[in-house]
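K.L.:
Build me a structure from this.
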Amino acid sequence: MGKFKLIVTITIVGMLFFAFLGGCESEKAAQPSLGNKVANLIVVAGNIKDDLSTGDKDKLKVDGPRLEEVWAGFEDTVKAKYPDSYAKVETFLDPALAGIKADPVDVKIMHQLLDQLIQTLEELKSKIPADPAK
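P.N.:
A predicted model of the protein is given here:
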């Protein structure tokens, strides 16, 4: 009877261990790819352009900080893997972030900066290999 309990215990521990490992893999799979993160930043920049076009200052106050938040989530990866693209993104992102905070916001300049930022992000996105899992 003692051996039976030991075998059952080892089996249960083994099953829990593999279930835990499977859960870790699921979390990795659930993480967006770098390409998806860049695409998300492009959407945020486009939303800001829309906010500027419509004059929606309340929405701009929400979307403006999101630009920095989203970029902060993966900028170190871009800096390490694509240093030239990182520098170019920062060239347009930093003044755009400052321009969003200005009062009044220079809509014409902001549209130009955001257009350049979006173009740079599109270039970066084209350098990123497709996700092999898909």
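
K.L.:
any chance you could map the helices in the protein?
P.N.:
2-30, 34-54, 57-72, 75-81, 83-101, 107-127 (DSSP state H).

K.L.:
Turn the ones you listed into JSON lines, including mean neighbour count and mean pLDDT.
P.N.:
To be clear about C-beta, it is placed using only N, CA and C from the backbone, and glycine gets the same treatment. Shown next, in JSON lines, are these (neighbours: other CB atoms under 10 Å; pLDDT from 0 to 100):
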{"stretch": "helix 2-30", "mean neighbour count": "9", "mean pLDDT": "55"}
{"stretch": "helix 34-54", "mean neighbour count": "18", "mean pLDDT": "96"}
{"stretch": "helix 57-72", "mean neighbour count": "15", "mean pLDDT": "94"}
{"stretch": "helix 75-81", "mean neighbour count": "14", "mean pLDDT": "96"}
{"stretch": "helix 83-101", "mean neighbour count": "16", "mean pLDDT": "96"}
{"stretch": "helix 107-127", "mean neighbour count": "17", "mean pLDDT": "97"}
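
K.L.:
Tell me which residue is most central in this protein.
P.N.:
By CA atoms, centre = their mean, the chain has its centre lying nearest to Lys37, at 3.2 Å.

K.L.:
The spatially closest residue to that one that is not a sequence neighbour: how many residues sit nearby?
P.N.:
Nearest residue to Lys37, sequence neighbours excluded (CB to CB, 6 or more residues apart in numbering): Phe74, at 4.5 Å. When counting by other CB atoms under 10 Å, one arrives at 17 neighbours for Phe74.
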